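Colleague: got a predicted structure here, sequence first:
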Amino acid sequence: MERAWLITIFLSMVVLFFVNVLVRTFAPHYASDLAWIEEAVRLLNIFLVFGGLGLALERGRHVSIDSLRETLRPSVRKALYRGIDLLGLLASVYMAWLSFTLVRFVLATNQRSPTLDIPMGWIYAAPLGGFLLLALRYTLSLFQLIDRRPRAASQASTANSTPAAK
């Protein structure tokens, strides 16, 4: 469901931006009527980035330096991964709490977006959702319900490569 949500957001951004370019090119006198599209695409991009945090973690796509980790004994490496998961979980929950506080604060100010006229607090909900999804993935990894280790991704790419590339 999360992946479908992200794909929907991305395709919506593409369609909106494409329509905006077409209107500006072929019917420039209507361009001011579609000024809201630029703001909508920017806001959708925020939700796309934060919405992808958990999915990227689950697939081992976050940036990491693994040269030292791979030299460790398997038991030490497992303990290190659990420590990373615990620290990531705590940091994600803290960031979600800060995001929640910010959403409440901004909603209380009754601030609205310039062209879409939506409450700005809902826009600040994107980090809240993203960090909650990230906390969920760290929790699943901590309890070994998912394997988010980068080696799984590298093994898959090695298995799919041709013998000449090896």
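Modeller: The structure has been received and is ready for your questions.
Colleague: for this structure, longest helix please?
Modeller: Assignment by DSSP state H gives helix 74-108 as the longest helix of the chain.
Colleague: in that one, what's buried?
Modeller: Neighbour counts over helix 74-108 (16 or more other CB atoms under 10 Å) mark 77, 81, 84-85, 88-89, 92-93, 95-96, 99-100, 103, 106 as buried. C-beta here means a position set from N, CA and C on the backbone, and glycine is covered the same way.
Colleague: same question, stretch 107-117
Modeller: Applying 16+ other CB under 10 Å to stretch 107-117 flags Ser113 as buried.
Colleague: ok, stretch 42-62 next?
Modeller: 43-44, 46-48, 50-58, 60.
Colleague: ok, now stretch 8-19?
Modeller: 9, 13, 16.
Colleague: can I get those in CSV with pLDDT and secondary structure?
Modeller: Listed next are those as CSV, based on pLDDT from 0 to 100; DSSP: H, G, I helix; E, B strand; the rest coil:
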residue, pLDDT, secondary structure
Ile9, 97, helix
Met13, 97, helix
Leu16, 97, helix
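Colleague: ranges for the helices of this structure?
Modeller: Counting by DSSP H, the helices of the chain are 2-26, 36-51, 53-58, 74-108, 120-123, 125-142, 150-160.
Colleague: what is the fifth one packed up against?
Modeller: Applying 3 or more CB pairs under 8 Å, 6 or more residues apart in numbering; DSSP states H and E, we find helix 120-123 packed against helix 74-108.
Colleague: run the angle between the helix it packs on and helix 125-142 for me.
Modeller: Helix 74-108 and helix 125-142 meet at an angle of 160 degrees, taking axes from the mean of the first three to the mean of the last three CA atoms, to 10 degrees as the criterion.
Colleague: quick one on the thing from earlier: tell me which of the buried residues of helix 74-108 is nearest to Val23?
Modeller: Within those, the smallest distance to Val23 is 31.4 Å, found for Val106 (CB to CB).
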